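Undergrad: Fold the following and give me the result.
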Amino acid sequence: MFSKETSKTGLRRLCSLAILASLLLQLCACSHRRAASDAANSTETRELVDGLGHRVRLPAKIDRVISLAPNLTEIVYAVGAGDRLVGDTTFCDYPPEAKQVAKVGDTIHPNLETVVALRPQVVLVSTSSQLESFTRQLEAQHIAVFITDAHNLETVFSSVELLGELLGQQEQAGRVASELRSRAHSVEERVKGRNTVRVFYQLSAEPLYTAGKGSYITDMIRRAGGVSVTQDVESEWPRLSDEAALAAQPEAIIMATADSMGGGNTEVAAPLAKSPASRQGRVYRINGDFLSRPGPRLIEGLEQIARALHPEAF
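TA: Next up is the predicted model:
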């Protein structure tokens, strides 16, 4: 026969085992729920409308992103999702962390095999990169493609908010877009009521390319207290004839200096050498990265254009 003490010890052991078994069951249940939740998140999808109005089917949560444009890379970092970039281009050098991301080629000629091998959930494309054929190849590989289209400053700010929504970073994206809008408004307030300056934007000298009606640069010049002499040219980035450049007679010339993509200027184009702008020394060189990338740093370009055209306002 067992003593009473032995019986009590056995009972305590049984209780301990029962409690342990209960805890194990709870842990298993929690683990199962987490696994089920993870599985659901991996299969759940949503639709988001991109900058061109396309409805894009995307995973509910995005962890693997490839950017095919420097401005989009900058936006991804600005909204706090840089750690999700698994690939970008050789031109993506800002912020400095972007240089460490796996490279998929340059902006104009990305490598399809490299992109596919990185297993992105979505590839970000800018209309300024002109990657229509490559976009079709990605879609043929069942890779989601999300396109942004920046044709004025407001669409740049909206792109920040849109990518914030895509990446689940709405709050930070909202703060960034709000700050950019505030700085743009401040510039407009400073130059309000001042004489409008006729401006020629020189994208490159030979051949001579400029900003036309559909370019965000045209909007930037307007907000900075100027008017682009090529604002009515239908193309976004038109090539201008010498005759048209001579006839423009701008009062100021804005030149984009060399940027990381190899664009930029060193000298004023020959047809503009005798313009009022050149004669009066009103030729302004601005960092090309502040003008060629429709992303957060574009606001730096706006502020510098405004200071050049209306130094008395600053």
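Undergrad: Q304: how many residues sit nearby?
TA: 18 (other Cβ atoms under 10 Å). Yep, even glycine has a C-beta here, placed from its N, CA and C like the rest.
Undergrad: any idea how far it lies from A224?
TA: Per Cβ to Cβ, to the nearest Å, Q304 is found 9 Å from A224.
Undergrad: Could I get the contacting residues of the nearest residue to P271 once chain neighbours are set aside?
TA: In space, P271 comes closest to A245 once its chain neighbours are excluded; the distance is 3.7 Å by Cβ to Cβ, 6 or more residues apart in numbering. Residues in contact with A245 (Cβ atoms under 8 Å, 6 or more residues apart in numbering) are 200, 208, 269, 271-272.
Undergrad: Mind doing that once more with 10 Å?
TA: The neighbours of A245, taking Cβ atoms under 10 Å, 6 or more residues apart in numbering as the test, are 200, 202, 208, 210, 229-230, 269-273, 275.
Undergrad: Assumed it was part of a strand.
TA: No - counting by DSSP: H, G, I helix; E, B strand; the rest coil, A245 is not found in a strand; it is helix.
Undergrad: how about low-confidence regions in this structure?
TA: Applying pLDDT under 70 to the chain picks out residues 1-43, 128-130, 259-264.
Undergrad: Would you map the strands across it?
TA: Remark: strands assigned in the chain by DSSP state E are 45-49, 55-59, 65-67, 85-87, 122-126, 144-148, 197-202, 226-228, 252-256, 283-286.
Undergrad: In CSV: these, plus mean neighbour count and distance to Q137.
TA: Shown next, in CSV, are those (neighbours: other Cβ atoms under 10 Å; distance: least, Cβ to Cβ, whole Å):
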stretch, mean neighbour count, distance to Q137
strand 45-49, 11, 21
strand 55-59, 13, 16
strand 65-67, 29, 13
strand 85-87, 22, 15
strand 122-126, 26, 10
strand 144-148, 23, 10
strand 197-202, 25, 33
strand 226-228, 23, 36
strand 252-256, 25, 31
strand 283-286, 19, 35
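Undergrad: Any idea which of those strands gets closest to L180?
TA: Across the strands of the chain, L180 has its closest neighbour in strand 144-148 (14.8 Å, Cβ to Cβ).
Undergrad: May I have the strands that pair with that closest one, each with its orientation?
TA: strand 122-126 (parallel) (DSSP bridges).
Undergrad: can you tell me how far R279 sits from G105?
TA: Taken as Cβ to Cβ, the span from R279 to G105 is 44 Å.
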